[in-house]
Structures are given as C-alpha cells and as structure tokens.
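1. quick one: sequence and predicted model below, then my questions.
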Amino acid sequence: MPKMKTKSGAKKRFKLTASGKVRAGQAGKRHGMIKRTNKQIRNQRGTAILSEPDARIVRKFLPNG
C-alpha cells in the first residue's frame, strides 16, 4: 500500500488542533482594510476554528485527519 499523500495547498493553509479541530487563517484580511471597521479588523486577528461542515471537507486533505 503506498503512502498517503497530503494536498500541498491544504498543508500550508490549515493545522489540526490537539482535539482534532481545524484551525485556519481569518478570511477577509487581505486588502480593503480602509473600508472595514476597526472592530472588524481587531476581531479578525490570529486564526479561527472552522465550522464542523467545513472542517470535514478539509480533514480529507490532511494526513492525520
């Protein structure tokens, strides 16, 4: 049986937490910050935990998912 291959794009964008949740960078932070409220910019710092339906899709692309 050959080794499982990881999708390279998913490997760079997502990490699994110890409890198996999927952590991803915040969406909506690439450009256009002038239009966003300061509250929105502040709340989008760091990373976010994906919702379960989205996480299920991403886990298929990661080796230990």
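-> The structure has been received and is ready for your questions.

2. need the contact list for the residue nearest the centre of the chain.
-> Nearest to the geometric centre of the chain sits residue 24, at 1.9 Å (Cα atoms, centre = their mean). If you count contacts by Cβ atoms under 8 Å, 6 or more residues apart in numbering, residue 24 has them with 13-14, 47-50, 58. No exception for glycine: its C-beta is placed from N, CA and C like everyone else's.

3. counting neighbours, which of those residues comes out on top?
-> residue 14 (21 neighbours; other Cβ atoms under 10 Å).

4. isn't it right next to residue 63, touching?
-> No - Residue 14 is not in contact with residue 63 according to Cβ atoms under 8 Å; the separation is 11.6 Å.

5. just checking, what packs against the helix ranked longest in the chain?
-> The helix that spans the most residues within the chain, counting by DSSP state H, is helix 52-59. Counting contacts by 3 or more Cβ pairs under 8 Å, 6 or more residues apart in numbering; DSSP states H and E, helix 52-59 is packed against strand 22-25.

6. chain center to the strand it packs on: distance?
-> What separates the centre of strand 22-25 from the centre of its chain is 3 Å, taken as Cα atoms, centre = their mean, to the nearest Å.

7. ok, it: who's next to it in the sheet?
-> According to DSSP bridges, strand 22-25 forms sheet pairs with strand 14-16 (antiparallel), strand 47-49 (antiparallel).

8. dump the ones you listed into a markdown table; add distance to residue 34 and mean pLDDT as well.
-> Formatted as a markdown table, those follow (distance: least, Cβ to Cβ, whole Å; pLDDT from 0 to 100):
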| stretch | distance to residue 34 | mean pLDDT |
| --- | --- | --- |
| strand 14-16 | 29 | 95 |
| strand 47-49 | 22 | 97 |
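
9. save these as a markdown table, and put in distance to residue 37 too.
-> A markdown table is the format used below for the strands paired with strand 22-25 (distance: least, Cβ to Cβ, whole Å):
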| stretch | distance to residue 37 |
| --- | --- |
| strand 14-16 | 27 |
| strand 47-49 | 18 |
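
10. residue 28: which of these is closest?
-> With Cβ to Cβ as the measure, strand 47-49 is the member of the strands paired with strand 22-25 nearest residue 28 (10.6 Å).

11. which positions in the longest helix of the chain come out as buried?
-> Within helix 52-59, the residues scored as buried using 16 or more other Cβ atoms under 10 Å are 55, 58-59.
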